[in-house]
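Student: only geometry, no sequence info:
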């Protein structure tokens, strides 16, 4: 009997009876791959009694015990630790340090008395051993398994009954029940479902490592992100030593939490004070350098925004380049500066950069970007030990932002003596008797310009 084939999009899982150059579901080009259409037999009748609806008031709150690691930063991103029975997906670029991060986490779990099963489908046991020796893995109950067959992996896990399960990576493991190759939509979905059932049945926290596409999104179908309980993204620039771990989805805690690591010879080390880490090489008294107080999740973070304004060599077509800031928002801010402050940028190249490789995606950095451009244009530095935050509107007004008190306290902890903020945030500060930095509240960009220049 001839097998029936179907074309499945590897990005969104859309099925098509014939090949198409562009997926009708998500619009991706050349993402449809031919797979054998697996026929499912009739569903068996359940051997247990069907679930009955319950009244909301009669449902008792279930406790969610967590396993904590030695790294407080990792615990914070997970919402306080790994919940028993949860499925956690960690994605990142090749070579960014995903395997190193989870091997260190496995070391911590094993040192705390938990047995760990670390399954690798990409490396041999000898390769993992070399890395483990470098990371200081001790004599705890850490079991390694090099296997890519899902059924054999689950059988070994059921036999060992570990306290923590790690799979590296979900794209390299295949199920013998399906004839498609590893990494396809069908295989990824089946692997995630099997591990999900194992984690829930045995109340074991399970970690999956996933690949990402060249666009920076998690590879595989979107259903993979819906299956798991927590989605973490491990990112960073190859030219920088720091890595950022942030939560995109968390059923057991807040999202957008962030932890910063520094890659060293002994592995990844958490950075307890990211603000000091990013500002340690900041030049003092240089035009075009402004410190802003931004938020990453619930954590305030001080970052340096740099601007360089120079005469263009391309008449009529000056350059506008940004790194770490949204390009379109930066263009809007430059138009506001021209209209409201009267500066002309028609013959100037403008470069904006967030030092250290960190990306800022909240509008609270608008005022700092505006002042950095003006500082570079006039070749005059801002007053020393000054931090700035505030959203800038198209009318030139400086709008209030969230959590101003946390931003001010972060600036004060690093010795900043002056903070420029929106006037609308004054009411949220309250009265604090402890001495802090000088507060300069501004209504618009003109008032900010007069205060600082």
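Tutor: That came through fine. Please read these numbers as outputs of a predicted model, since none were measured by experiment. Residues are numbered from 1 along each chain as shown.

Student: buried ones in the longest strand that the chain contains?
Tutor: For the chain, the strand with the greatest residue count under DSSP state E is strand 299-311. For strand 299-311, the neighbour count (16 or more other C-beta atoms under 10 Å) marks 299, 300, 301, 302, 303, 304, 305, 306, 307, 308, 309 as buried. The C-beta positions use only the backbone N, C-alpha and C, and glycine is treated the same way.

Student: likewise for stretch 319-334?
Tutor: Of the residues in stretch 319-334, 322, 324, 325, 326, 329, 330, 333, 334 count as buried by neighbour count, 16+ other C-beta under 10 Å.

Student: contacting residues for the first one?
Tutor: Think residue 322. By C-beta atoms under 8 Å, 6 or more residues apart in numbering, the residues touching residue 322 are 330, 351, 352, 353.

Student: pLDDT on stretch 24-34, on average?
Tutor: Stretch 24-34 carries an average pLDDT of 84.

Student: longest helix in the chain, by number of residues?
Tutor: Secondary structure of the chain per DSSP state H: the longest helix is helix 185-202.

Student: which residues are in contact with that one?
Tutor: Helix 185-202 is contacted from outside by 8-10, 13, 33, 35, 38, 85-87, 150, 154, 157-158, 161, 165, 167, 170-171, 173-175, 177-178, 180-181, 204-206, 208, 220-221, 223-224, 227-228, using C-beta under 8 Å, 6+ apart.

Student: repeat that for stretch 72-81.
Tutor: Counting by C-beta under 8 Å, 6+ apart, 66-69, 88, 105, 230, 232, 245-247, 250, 252-254, 257-261, 270-272 sit against stretch 72-81.

Student: in that stretch, what counts as buried?
Tutor: Neighbour counts over stretch 72-81 (16+ other C-beta under 10 Å) mark 73, 74, 75, 76, 77, 78, 79, 81 as buried.

Student: next: stretch 91-106.
Tutor: 91-93, 96-106.

Student: what's the answer for stretch 206-214, then?
Tutor: 206, 207, 208, 209, 210, 211, 212.

Student: now for residue 96: which residues touch it?
Tutor: Applying C-beta under 8 Å, 6+ apart, we find residue 96 in contact with 234, 235, 236, 243.

Student: does the third one touch residue 243 like I think?
Tutor: Yes. Contact between residue 236 and residue 243 holds when scored by C-beta atoms under 8 Å: they sit 3.9 Å apart.

Student: where does pLDDT dip in the stretch 1-150 of the chain?
Tutor: For the stretch 1-150 of the chain, applying pLDDT under 70 flags the ranges 1-3, 38-49, 62-64.

Student: and for the stretch 151-300 of the chain?
Tutor: 213-217, 219-222, 238-239, 256.

Student: hey, where'd the helices end up in it?
Tutor: Per DSSP state H, counting those that start in this stretch, the stretch 151-300 of the chain carries helices over the ranges 185-202, 222-227, 274-279.

Student: tabulate the ones you listed (TSV), appending distance to residue 50 and mean neighbour count.
Tutor: Shown next, in TSV, are the helices of the stretch 151-300 of the chain (distance: least, C-beta to C-beta, whole Å; neighbours: other C-beta atoms under 10 Å):
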stretch	distance to residue 50	mean neighbour count
helix 185-202	19	20
helix 222-227	23	16
helix 274-279	51	19
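
Student: make a markdown table from those helices and add distance to residue 453 to it.
Tutor: Formatted as a markdown table, the helices of the stretch 151-300 of the chain follow (distance: least, C-beta to C-beta, whole Å):
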| stretch | distance to residue 453 |
| --- | --- |
| helix 185-202 | 56 |
| helix 222-227 | 47 |
| helix 274-279 | 22 |
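
Student: and of those, who's closest to residue 345?
Tutor: helix 274-279 (27.6 Å; C-beta to C-beta).

Student: and the closest one, what other elements does it pack with?
Tutor: strand 258-264, strand 299-311 (3 or more C-beta pairs under 8 Å, 6 or more residues apart in numbering; DSSP states H and E).

Student: residues making contact with it?
Tutor: Here helix 274-279 makes contact (C-beta under 8 Å, 6+ apart) with 242, 260, 262, 271, 291, 299-304, 355-356, 358, 410, 413-414.

Student: run the chain-centre distance for that helix.
Tutor: 18 Å (C-alpha atoms, centre = their mean, to the nearest Å).

Student: same deal with stretch 20-30?
Tutor: 27 Å.

Student: so which residues make contact with that stretch?
Tutor: 7, 9, 11, 12, 13, 14, 16, 31, 32.

Student: may I ask which of those has the most neighbours?
Tutor: residue 32 (24 neighbours; other C-beta atoms under 10 Å).

Student: mind listing the residues bridging to that residue?
Tutor: Beta bridges link residue 32 to residue 9, judged by DSSP bridges.

Student: distance check, it against residue 13.
Tutor: Here residue 32 is placed at a distance of 11 Å from residue 13 (C-beta to C-beta, to the nearest Å).
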